[in-house]
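> prediction below, plus the sequence it came from.
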Amino acid sequence: MAIVKEFKEFALRGNVVDMAVGIIIGAAFGAVVKSLVDDVLMPPIGLLLGRVDFSNLFVTLGDGTFATVAEAKEAGVATLNYGIFLNTVIEFVIIAFAVFLVVKQMNRLQKHEPAAAPTTKDCPFCTTAIPIAATRCPHCTSQL
């Protein structure tokens, strides 16, 4: 029963719950970015490049010619799908940039407390820590 108690303490820690929420939101964000790339960004880019559908850019590694990746897979032919890889790289760049912007804003919004002014100084004779306002060292009685 001790292991169950330890697991419960671990699972209910604030940072573990925060991490779980972050993972769930990250997965949803990934789906949004995938749709942004596949459905919004790539069609106009493909149109500008001569009606190219990046998801159907591939090299057949077997016999035959196919118009789409789906046709090649249906025929059981291996393909090198560099268009799908290109879409994935673009998704990664967008996600990385979005995460960069979020972290940058979070760092900017966090309160940075100024460093506290020192309250002690070292005695130049005995090197003991003494209050800043002291005019005589209480340890070695030297005049400061």
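That came through, no problem.
> what ranges do the strands span in this protein?
59-60, 79-80, 120-122, 129-131 (DSSP state E).
> nearest residue to V59 other than its sequence neighbours?
L80 (4.3 Å; C-beta to C-beta, 6 or more residues apart in numbering). The way it works is simple: take the backbone N, C-alpha and C, and place the C-beta from them, glycine included.
> what about the one you found, distance to F54?
Distance, L80 to F54, by C-beta to C-beta, to the nearest Å: 14 Å.
> just P43 next, same as before
Counting by C-beta to C-beta - P43 and F54 are separated by 9 Å.
> before we move on, what about N107?
Distance, N107 to F54, using C-beta to C-beta: 35 Å.
> swap in I84?
For I84, the distance to F54 - C-beta to C-beta - is 8 Å.
> between these two, which one's more packed in?
F54 (20 against 17; other C-beta atoms under 10 Å).
> list the contacts for that one?
By C-beta atoms under 8 Å, 6 or more residues apart in numbering, F54 lies in contact with 42, 45-46, 83-84, 86-87.
> show me which pair in the residues you listed is furthest apart.
I45 and I84 (14.6 Å; C-beta to C-beta).
> how about low-confidence regions in the chain?
14 (pLDDT under 70).
> in it, which spans are helices?
2-11, 14-35, 42-48, 69-74, 82-109 (DSSP state H).
> export the contacts of F54 to JSON lines and append columns for distance to G76.
Output for the contacts of F54, formatted as JSON lines (distance: C-beta to C-beta, whole Å):
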{"residue": "M42", "distance to G76": "27"}
{"residue": "I45", "distance to G76": "31"}
{"residue": "G46", "distance to G76": "27"}
{"residue": "G83", "distance to G76": "20"}
{"residue": "I84", "distance to G76": "18"}
{"residue": "L86", "distance to G76": "24"}
{"residue": "N87", "distance to G76": "24"}
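> list buried residues within those.
42, 46, 83-84, 86-87 (16 or more other C-beta atoms under 10 Å).
> can I get those in JSON lines including distance to G62?
Compiled in JSON lines, the buried ones among the contacts of F54 are given as follows (distance: C-beta to C-beta, whole Å):
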{"residue": "M42", "distance to G62": "27"}
{"residue": "G46", "distance to G62": "26"}
{"residue": "G83", "distance to G62": "18"}
{"residue": "I84", "distance to G62": "18"}
{"residue": "L86", "distance to G62": "22"}
{"residue": "N87", "distance to G62": "23"}
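> that concludes my questions; thank you for your assistance.
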